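Trainee: Sequence first, then the predicted structure:
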Amino acid sequence: MNGDIFYDWFSSILPLLKENAVIVMDNAPYHSIKKDKFPLISWKKEQIILWLENKGKIIDRPMVKHRLLEEAEQFRPLYNKYMIDELAMEQNKIILRLPPYHRELNPIEFAWSSLKQHVKMNYMTHKLLDVQKLVNEGVERVTPEMWKSFISHVIGVENTFYDIDFISDELLDADLTEPITYHGLTMTRNTSDSEVESDN
C-alpha cells in the first residue's frame, strides 16, 4: 500500500459514508501524507529559504539553518495538514487520528483479529484463491452486533485512561500516606522529605 493508492481508494469510499461521519484513522505512513511538505533539518538552506519565501516570509539577512527552521515553525499550523483529512473535511466527514502506539483504541483491530482467526482456523489448501475466499468470509462474519461490541470495548478502554489521568492528578496533588489501588494497580507517593539538612 502507498499514499496514492490509499488516497484513490479513500476518495471512492467517502461518498458512501453519512454526513459528519467520524473515520478513525491510525498513523500508518500512507494515512499520513502531508498536503504540503514542511521543512526538515535534512533540507538544504536554500530549500528552506525558498519554502519560506513562497509562504510570504522575507528573509532579509543571513541565518543559520536552525534559525530558518524556527522561522518556519510559525507556519506549521497552516501547512501541517494531511491530504486525507482535508479531503474528508471537503465532504463533511471527520478524521479522528489515534495517538501513536495505541491500537487498543481502534475498534477495527478487533475486526481484523476475528478475520485473521477465521482464516487461520480454516486455511488448509495453501492456494491463494482459497485464502481470498476465507478473507471474504471473515469480513462477512463481522456483524453489526460485533461492531457495537468492539466500539463498546474501546469506549471502556478510553474511560479507563480518563480515570487513570484523574487519579494521576489526585496523586500529584495529594498528601498521600496510604496507597491507592485501582484495577489491580497500587499507586503510592513517597511523601518523606528527601532534603538533607546540614549542621553547618
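Mentor: Now that the structure is in, tell me what you want to look at. Numbering: from 1, shown residues only.

Trainee: in the chain, which spans are helices?
Mentor: According to DSSP state H, the chain carries its helices in the segments 3-13, 45-54, 65-73, 76-79, 83-90, 108-122, 128-141, 144-173.

Trainee: between these, which gets nearest to residue 30?
Mentor: Of all the helices of the chain, helix 3-13 sits nearest to residue 30, with 4.3 Å by CB to CB. Where you see a C-beta, it was placed from the backbone N, CA and C, and this is true even at glycine.

Trainee: which residues are contacting that closest one?
Mentor: The contact list for helix 3-13 (CB atoms under 8 Å, 6 or more residues apart in numbering) reads 29-31, 33, 83-84, 87.

Trainee: Pull up the gap between residue 112 and residue 45, please.
Mentor: Taking CB to CB, to the nearest Å as the measure, residue 112 and residue 45 are separated by 45 Å.

Trainee: any idea which of the helices of the chain scores lowest on pLDDT?
Mentor: If you rank the helices of the chain by mean pLDDT, helix 76-79 sits at the bottom with a mean of 82.

Trainee: What is it packed up against?
Mentor: The contact analysis (3 or more CB pairs under 8 Å, 6 or more residues apart in numbering; DSSP states H and E) places helix 76-79 against no helix or strand.

Trainee: how far does that helix sit from the chain's center?
Mentor: Centroid separation for helix 76-79 versus its chain: 18 Å, with CA atoms, centre = their mean, to the nearest Å.

Trainee: do stretch 158-177 as well
Mentor: Offset of stretch 158-177 from its chain centre (CA atoms, centre = their mean): 24 Å.

Trainee: and residue 92, what are its phi and psi?
Mentor: Main-chain dihedrals, residue 92, degrees, to the nearest 10: phi 60, psi 40.

Trainee: scratch that, residue 35
Mentor: The phi and psi values for residue 35, taken as degrees, to the nearest 10, are phi -70, psi -40.

Trainee: And the helices of the chain: which comes nearest residue 102?
Mentor: That would be helix 144-173 among the helices of the chain, by CB to CB, at 8.8 Å.
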